[in-house]
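> Below: sequence and its predicted model.
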Amino acid sequence: MNDYFHRQIQLWGEERQQSLQTKEIAIIGCGGLGCSLGIALGGTGIGTIHLVDFDRVEVHNIHRQIAFTKEDTGKYKCEALARVITSRCDFVNAKPFVGDFDAFCEEGIVPDLIIDATDNLPVRAQIDKHAKAIQRPWLYGSVEAWNGQVCFFEESDFSAFSISNKAPAGIAAPIVMHIASLQANLALRYLAGLEIRKDLLYYLYFDTHGELITQKFQMPVS
């Protein structure tokens, strides 16, 4: 283990690295954000990662869902992503769950952190409601065109958002990876016991000149 996590141990020591083995997270959605989150967090030493998705890989997914290859077409996304994670790291239990979020909730699993990797506002509202019920925080992430949003929800809730079934616009892979990376960094700092800002919405976008703009908004507490 020390060889595999050598650079992380240099960052925060063996005790903190060992503590990650006791942590359990759930990634809801194994598409663009979920693939990048799975790869980013799957090699950090988190003990158990639940991967929740009912969809299968299609050719048009692959350009931005970076865990998949053409050979994965037709396979369940959560199972394909779990294979990638476990092939890279012997110290994680990647557990695929073929089903929707409601079905996963019925399993009675209480992870340390729930990470949203969906593209569905009603499901995010369900995640928020469930997280409050089991008294666990959750990490929101969304991405569209050249912009994205991230928030670590603990005391605030998702009611500030207008819930609709709006279809996402076009998208390229790098912005997906960018937003997932921010989610992964917040998740890892939290699980490792490092300080993070909670209930703060980050809104990141590229303007017409290609400049990256970051805005921050304090979310209201329910």
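Looks like it arrived, so ask away. Not measured: the values here are computed from a predicted model.
> From here on, just use CA atoms for contacts and neighbour counts.
Fine.
> Give me the pLDDT for M1.
Taken from the predicted model, the pLDDT recorded for M1 is 86.
> Within its local environment, how many residues does it see?
The tally of other residues near M1 (other C-alpha atoms under 10 Å) stands at 12.
> same check, this time on the one 3 residues further on
Y4 is surrounded by 14 other residues when neighbours are defined as other C-alpha under 10 Å.
> the helices in this structure, which residues?
Under the criterion DSSP state H, helices of the chain are mapped to 6-20, 32-42, 77-88, 101-105, 121-133, 173-191.
> export those helices to a markdown table and tack on distance to D207?
A markdown table is the format used below for these (distance: least, C-alpha to C-alpha, whole Å):
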| stretch | distance to D207 |
| --- | --- |
| helix 6-20 | 34 |
| helix 32-42 | 22 |
| helix 77-88 | 33 |
| helix 101-105 | 34 |
| helix 121-133 | 24 |
| helix 173-191 | 13 |
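> Of the ones you listed, which is nearest V221?
Proximity of these to V221 was assessed by C-alpha to C-alpha; the nearest stretch is helix 121-133, lying at 12.5 Å.
> Output the contacting helices and strands for that closest one.
Helices and strands in packing contact with helix 121-133 are listed as helix 101-105, strand 113-116, strand 138-144; criterion 3 or more C-alpha pairs under 8 Å, 6 or more residues apart in numbering; DSSP states H and E.
> between the helices of the chain, which gets nearest to V150?
Counting by C-alpha to C-alpha, V150 lies closest to helix 173-191 out of these; the figure is 6.6 Å.
> Next, format the helices of the chain as JSON lines and append distance to F206 and mean pLDDT.
Formatted as JSON lines, those follow (distance: least, C-alpha to C-alpha, whole Å; pLDDT from 0 to 100):
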{"stretch": "helix 6-20", "distance to F206": "31", "mean pLDDT": "96"}
{"stretch": "helix 32-42", "distance to F206": "18", "mean pLDDT": "97"}
{"stretch": "helix 77-88", "distance to F206": "29", "mean pLDDT": "98"}
{"stretch": "helix 101-105", "distance to F206": "32", "mean pLDDT": "97"}
{"stretch": "helix 121-133", "distance to F206": "23", "mean pLDDT": "95"}
{"stretch": "helix 173-191", "distance to F206": "9", "mean pLDDT": "97"}
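> Thanks a lot, catch you later.
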